[in-house]
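In: what's the 3D shape of this:
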Amino acid sequence: MPPDAKILIVDDHEETLYALESALAPLGYHLTRATSGDAALKEVLRGHVGLLLLDVRMPGVSGLDVVRYMRGVEQTQLIPIILVTGFGPDAELTATAYRLGVADLVMKPIDPWALRTKVRYLYDSHQRYRSLEREVRELRALVKEQPSAARYVGPGT
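Out: Next up, the predicted model:
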């Protein structure tokens with residue numbers, strides 16, 4: 001994932017999109033938006049999404065449908081997802097969300113400070129993980145390129 005990975009905000013209500021963008025703007029990350037589950041999936045599959053902030057209940061493809069699909073596709077399995085709901089605490093929704101691997105579930109109205117804290121932590125942690133993943137791939141490629149006789153085996157050999 002490139003360092004300019006986007007945070008994708010998905011909601012079918014324009015005022016909610018605006019509120020979430022306003023809350024996250026101080027972080028300085030690249031924010032983008034989608035107004036449906038279908039549009040969210042298209043954006044995610046294009047790549048360069050580092051975190052998804054996703055409304056649970058939308059017409060057509062719901063937030064949970066998006067999560068189910070993403071967790072089944074290798075390139076999107078590890079993208080952190082924060083689900084957003086305005087319908088109050090729901091034990092079944094919470095259990096389903098966490099079982100699907102959602103990082104967090106937040107209730108509307110959203111506390112901007114708490115949301116920024118969660119987003120910063122999840123986004124930055126995911127960026128570090130992807131960076132380490134790239135480093136490991138590069139190191140493995142270097143090791144494969146080395147002739148076997150020149151490899152360092154260790155002390156006492």
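In: make it CA atoms for all contacts and neighbour counts henceforth
Out: Will do.
In: so what does the lengthiest strand in the chain touch, helix or strand wise?
Out: Ranked by residue count, the top strand of the chain under DSSP state E comes out as strand 49-55. Here strand 49-55 touches strand 6-10, strand 81-85, helix 112-145, going by 3 or more Cα pairs under 8 Å, 6 or more residues apart in numbering; DSSP states H and E.
In: for residue 32, find the nearest of those.
Out: strand 6-10 (5.0 Å; Cα to Cα).
In: okay, the angle between the next helix or strand along the chain from that closest one and strand 49-55?
Out: Remark: after strand 6-10, the chain's next helix or strand is helix 14-24, criterion DSSP states H and E. Angle, helix 14-24 to strand 49-55, by axes from the mean of the first three to the mean of the last three Cα atoms, to 10 degrees: 130 degrees.
In: need the next SSE after helix 14-24, C-terminal direction.
Out: strand 31-34.
In: got the buried residues for that following strand?
Out: 31, 33-34 (16 or more other Cα atoms under 10 Å).
In: ditto for stretch 76-83
Out: In stretch 76-83, counting by 16+ other Cα under 10 Å, buried: 76, 78-83.
In: what would those look like in a markdown table with pLDDT and distance to residue 66?
Out: Converted to a markdown table, the buried residues of stretch 76-83 look like this (pLDDT from 0 to 100; distance: Cα to Cα, whole Å):
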| residue | pLDDT | distance to residue 66 |
| --- | --- | --- |
| 76 | 92 | 11 |
| 78 | 92 | 13 |
| 79 | 95 | 12 |
| 80 | 96 | 13 |
| 81 | 97 | 10 |
| 82 | 97 | 12 |
| 83 | 95 | 11 |
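In: from these, pick the one nearest residue 108.
Out: Nearest to residue 108 among the buried residues of stretch 76-83, with distances taken as Cα to Cα, is residue 83, at 10.6 Å.
In: ok, now which ones touch residue 20?
Out: 9, 112 (Cα atoms under 8 Å, 6 or more residues apart in numbering).
In: again, only using 10 Å
Out: Contact partners of residue 20, counting by Cα atoms under 10 Å, 6 or more residues apart in numbering, are 9-11, 31, 33, 53, 110-112, 115-116.
In: separation between residue 69 and residue 75?
Out: Distance of residue 69 to residue 75, given as Cα to Cα, to the nearest Å: 11 Å.
In: number of nearby residues for residue 63?
Out: 26 (other Cα atoms under 10 Å).
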